[in-house]
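> kindly generate the corresponding structure for this input.
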Amino acid sequence: MTLVNSYEIPKFVDSNTLFVAVSYSGNTEETLHAVKRAKERGAVIRGITSGGKLAEILNSTVIIPKGYQPRSAVGYLTIPLLRAFDLFDDSEVDNAKEHLAKIDRNIGTWQEFADEIFSSNKIPVIFGTPKLEGVAYRWKTQFNENAKVLAYSASFPELNHNDTMALENTYRKEEFYFFVLTHKQIEREIADRIRITSKLCKIKMANVEGDGNTIFSNIFTLIHKGDYISYFLAKKRDVDPRNVSIIEDLKRELKERS
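Numbers count the residues shown, from 1 in each chain. Purely as a prediction, here's the structure:
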């Protein structure tokens, strides 16, 4: 499986390739460009979208509800893909829902994180762990889009091969707020890396743990917690978490230039 998030597609794509195009609006420029290339090579193409041009040009598409910000439709966008490849069962979904409901009933912790970041004017740095790399990146993008602040993400163990050298002596380290995303089943080797990195680099990392006994539940509960923090930070900064006007302006100008 290869992730494509640009205009061009891998050279190996041909008639033996299953090409899954995912775009909430159905009008994402680079996605449509990649689909065109995949069609030229005879790939088997499926889509997940709420409509747009993608739904028009593909015969086999999962149509999901409209009216959301794409980042708020993460469940609609991912569940069809996971189900297609039989990567979870319904009991995992039910378990995750229970834990998500518990988070909704106790949001004070996530509001406190946002308050700390706001009062100290710090930049969020989110470290993921194996299987949670994508969640760390999701947190980063939620801080970007919801709270309108820059953020940075990396993951163990890879960050120990590069970022580690900067963590002790980087410029204005006191201006960063460090998170590390973990779960109860985390490997001992990774837990050791987190502990030793924190000690050697003299940094404090706020440990945010996923809930549940499956990776499915851990992923979605951590996504939920990060969404809350970025939302509350947006409120503290008095910015609209839904506003993506600059992104829309960019898309419009890109469309006009062609």
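
> which other residues reach the lowest-mean-pLDDT helix or strand in the chain?
Least confident element among the helices and strands of the chain, by mean pLDDT, DSSP states H and E: helix 245-257 (a mean of 88). Helix 245-257 is contacted by residues residue 29 when judged by C-beta atoms under 8 Å, 6 or more residues apart in numbering. (Each C-beta comes from the backbone N, C-alpha and C, glycine too.)

> and for stretch 37-46?
Contact with stretch 37-46 is made by 8-9, 13-15, 17-21, 35, 58, 60-62, 84, as judged by C-beta under 8 Å, 6+ apart.

> ok, stretch 98-110 next?
Identification of contacts with stretch 98-110 by C-beta under 8 Å, 6+ apart yields 211, 212, 217, 220, 221, 224, 225, 228, 229, 232.

> rerun that using 6 Å as the cut-off
In this structure, residues lying in contact with stretch 98-110 by C-beta atoms under 6 Å, 6 or more residues apart in numbering are 211, 212, 217, 221, 224, 225, 228, 229.

> can you give me the buried ones in that stretch?
Applying a neighbour-count criterion of 16 or more other C-beta atoms under 10 Å, one finds 99, 100, 103, 110 buried in stretch 98-110.

> who's in contact with stretch 194-210?
Contact with stretch 194-210 is made by 167, 168, 178, 179, 180, 181, 182, 183, 218, 221, 222, 225, as judged by C-beta under 6 Å, 6+ apart.

> PyMOL command to pick out the buried ones of these?
Here is the PyMOL selection string for the buried members of these, based on 16+ other C-beta under 10 Å:
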select buried, resi 167+178+179+180+181+182+183+218+221+222+225
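
> cool, thanks, talk later.
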